[in-house]
Structure formats: structure tokens, C-alpha cells
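Enquirer: predicted model follows, preceded by the sequence.
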Amino acid sequence: MLSKADNELLTRVGPGTQMGDLMRRYWHPIAALSQLDENPTKKVRVLGEDLVLYRDRSGNLGLVAERCPHRQASMLYGVPEAEGLRCAYHGWLFDAQGRCLQQPYEEAEDPDTTFRDRVRIKAYRVEACGGLVFAYLGPEPAPLLPKWDLLGLKNVYRDIGACVIPCNWLQIMENSVDPVHAEWLHGYFSNYVWSRLGKPERIRASRAHRKIGFDVYEYGIIKRRVLEGDDESHAAWKHGHPLVFPHLLKVGGFQWRVPVDDHNTLHFWYYTYAPAAGVQVPENEPIPYYDVPVPGPDEKGLPRWDLMDASSGQDIAMWATQGAIADRTTEILGRSDKGLVLYRRLLKENMEKVARGEDPMNVFRDPAKAANIVLHTEDASGRSRFAGASGKKADDSPIPGAANSAGRVGGASKYSPVLKNREGVEAVTLETVPAK
Ligand code: FES
Ligand SMILES: [Fe+2]
């Protein structure tokens, strides 16, 4: 149970809040690069700030305040120029650093005007990596964008799914240190969903957790578990898998949880798939993006069972129904929740570091350290690995259970265009395997 003050402290991310200050020390994924192929401007809201992401005609990315500083029209309607974005209303042109480059009427009436030099639009740094666009909203000097391993994998197919979940980011992250939910939500409840849908009961023989453990390590928290039938020699206990501080989970693929504001979270699923033997994946191909549906009650107030037949929908339903901001003043924590307690403590320690003027965990300034950061995880067959779900065939997998990270790729990848459309992809998820 938390005090009201602590619950506020840990969840609020707007400008000037302590958690907002901590979160502003990190690079956040805000879009898939391929989303700009459809339209070169995109509205994004991050940490309570309304912004517009754009790609100009030279291919450069920019991220500026949504409202034009002249008279507040939306830059979503901005016209990308060779350099920068031109406001649709009166043609003021801004570059990616926020400088005003042109004010057509002002310059027509007074060619010597320096008015534009005194005008700026708020602008933030953006950088593309692995098909994602990352933004940095914090103080200078900006740290380096960390290249977590899957972002730089060679010769793999990738896809990126996302949705905005109507709840605070912290309850989603707490789920990353809550192993026990897997056997219930993604086992027992999942089978119930399938029966509600009139499908044969799913072969989801989730094994019970016998022991869970958590360790703070260099990049965050390693989550370990022993399942019924296993012992501590199993990779799920020896290696576990990481919550990468502050808001990334690696299990199979990556899941980022980016606070949109206090009540909404932009969730990304980032997966890699090995091609069939001998197949070369073309480089520089756009990485497909897909929307992940958010299950909510239907118009009669009934559960959307059809959107909860995979783990992503099940998770989202639980996160969102905890409330816009879960009321932790009334929670009753048990032994299954010790990971949450550790994670909250780590968040607090790092907020304190920022308040002291220090860099928090996972802020990188040494290029060698940020270059290719290997995040080891247990894999489906019990080996330690770092290549996500790549190359794992579902029918090679053991019983789908909580320790089976290939199976846990599932969920959102149900909606993946790669798995649906691509021939020669070896890695499939258990969600794509018809129930026997
Ligand atoms: S409102 Fe943008 S140029 Fe006038
Ligand atoms: Fe889950």
C-alpha cells in the first residue's frame, strides 16, 4: 500500500513533477518511422506535451510543439519544406531546432526585419533507430540513444505494433515484475476466453509458479521464476529476463511503455523474426507498422472477448481496468508482488539521483557503452540468448508456459503483418498455431 503522496510521486509525469524529471532523462519511442510514409506529419503527445513529429523533404525528422507560436494553429497541417515545417496558416517556417526561418509577410513589408530571430517554436531532439523514432525531451546535454540489442539485429524481419492504453504507465510497468499473472491471466483466464468465443479450449497448459525472484542489475531488474516441474537449474531461474529501466520489457521482443500523460500510455511491441535458412532480408526495407486493438467493453457494457484471445488483449484489459491511475492507497500486496516493491524503490532512488543532479540508471554518455547493449534472457528451450524470438519454431517449443518466451511473443503479434504476409519466416508464435 502506498500513501496518496507516494502514488502521486510515482505516477505523475508532467513538466515539473519529480517523475516527469526522471522520465525526461530518457529517449522515448514515439512512432514507427513507416508511419510517416502515410503522412509526413503526426500528432504525438508525450509526458503531457502536445507535439508534432514530421519528416521534411530532405528526409530529416523534426519534433515541434503542436501549436504555432504565431497564433496557435496546429502544425499537424504544416507543409514539409526542403528544410523544416511551414505553418499552414500564414506560412511561418520553422526548422528542427525550433528556429523561425521565414515570416513571409513580415519580410515582404520590411526586408530588413529581424523579427524572426526573436521567435522560436519549442523543438525536441529526435533520432531514428531500428525503424522507431525516439525523442528526447530533457535537459542538455542530451545523453546517447542506447542501442538495445534487438534494435541493431542484422538479417531479421521486424515489425512494430502500438496502441494508446487508457491508463497510467506505472501499472503497465508493474505488470513486468508480476510473473504470477501469466499462469492465471494468460492461462486459466485465456482458456475461459476461448470457451466464451466457442473455440475449443486452448492448449494453454500454464504451469504454476513455485518461486519468483528479482535482482537489480546493471540495466534494471532481472525477473526470475521456477515453474512447477522445474528447479533452480532452469534458465528461467538462472537467467530470467529483464525489465530494462525505466520502461522497457524484454520478453521475446521488446515492449516499451511511454507515458502519453498521467492517464494514457503509448505501448510499443517490437519483434524480430529470423528468415528461413539461406534467405537474406533486404536492408532498408520499411518496417511494417500495425495498430493493436484495445479491448474495452462493447456498447452493451459486455467484455470484448474477441479482443482478449491473445495475451496483449488480456494484459491491456487488466491494466486499463485498474483505473486511469491505480489507487495504490487501497491495494493489498502479497508475496507475489515483491517485484513491484523493488521496482518502486528503484524508481524512487533514481528520482533522488536526478534531484541531486546525477545521471540516473541507463543514461549513456559513452558511445562504446551505448553501442550494442546485449540483454540476456532465458529462451523457450532453456538456453540463455539475446535474439528475441528469432528462429524459434512454435512446434519445436515445449509446453507453452510462462517460461516460454517464444510463446509469449504472442499477443500483439497476432496482428502482425510480418507473420500474416511474409513467406519464409520461421518464427511463428503460439498464438498463430491453431488449437489442436
Ligand atoms: S498561426 Fe502559424 S503562421 Fe500564423
Ligand atoms: Fe502479461
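Expert: Yep, it's here. Numbers count the residues shown, from 1 in each chain. Ligands and ions are numbered 1, 2, ... in the order given.
Enquirer: how about the helices of this structure, start to end?
Expert: For the chain, the helices defined by DSSP state H cover 4-11, 18-23, 35-38, 104-109, 169-174, 181-183, 190-196, 235-238, 311-321, 338-355, 367-370, 405-408, 417-421.
Enquirer: of all these, which one is nearest Val260?
Expert: Minimum separation from Val260 across those (CB to CB) falls at helix 169-174, 8.2 Å. C-beta here means a position set from N, CA and C on the backbone, and glycine is covered the same way.
Enquirer: could you list every helix and strand in contact with the closest one?
Expert: helix 4-11, strand 253-261, strand 264-273, helix 311-321, helix 338-355 (3 or more CB pairs under 8 Å, 6 or more residues apart in numbering; DSSP states H and E).
Enquirer: Lys122: which of those is closest?
Expert: Once the helices and strands packed on helix 169-174 are compared by CB to CB, strand 253-261 is nearest, at 16.5 Å.
Enquirer: hmm, who's touching the closest one?
Expert: Residues outside strand 253-261 that contact it (CB atoms under 8 Å, 6 or more residues apart in numbering) are 13-14, 23, 28-30, 45-48, 148, 150, 164, 168-169, 172-173, 176, 247-249, 265-272, 388-389, 409, 413.
Enquirer: partners of that strand in the sheet?
Expert: Take DSSP bridges as the rule and strand 253-261 pairs in its sheet with strand 248-251 (antiparallel), strand 264-273 (antiparallel).
Enquirer: highest mean neighbour count out of these?
Expert: strand 264-273 (a mean of 24; mean count of other CB atoms under 10 Å).
Enquirer: how big is the angle separating that strand from helix 311-321?
Expert: Here strand 264-273 points in a direction 170 degrees away from that of helix 311-321 (axes from the mean of the first three to the mean of the last three CA atoms, to 10 degrees).
Enquirer: which residues of the stretch 251-400 of the chain score low on pLDDT?
Expert: The model of the stretch 251-400 of the chain has pLDDT under 70 over residues 379-400.
Enquirer: typo on my end, the stretch 101-250 of the chain
Expert: 201-205.
Enquirer: roughly how far apart are the most centrally placed residue in the chain and Tyr136?
Expert: The chain has Trp256 as the residue nearest its centroid, 1.8 Å off, counting by CA atoms, centre = their mean. The spacing between Trp256 and Tyr136, counted by CB to CB, to the nearest Å, is 14 Å.
Enquirer: hmm, back to that, out of the helices of the chain, which gets nearest to ligand 1?
Expert: With CB to the nearest ligand atom, the closest approach to ligand 1 among those belongs to helix 104-109: 9.0 Å.
Enquirer: contacts for the closest one, please.
Expert: Taking CB under 8 Å, 6+ apart as the rule, helix 104-109 contacts His90, Gly91, Trp92, Thr113, Phe115, Arg116.
Enquirer: scan these and report the most crowded one.
Expert: Counting neighbours by other CB atoms under 10 Å, Trp92 comes out on top of the contacts of helix 104-109 with 25 neighbours.
Enquirer: which bits of this structure sit near ligand 1?
Expert: Cys68, His70, Arg71, Ala73, Cys87, Tyr89, His90, Trp92 (CB under 6 Å from any ligand atom).
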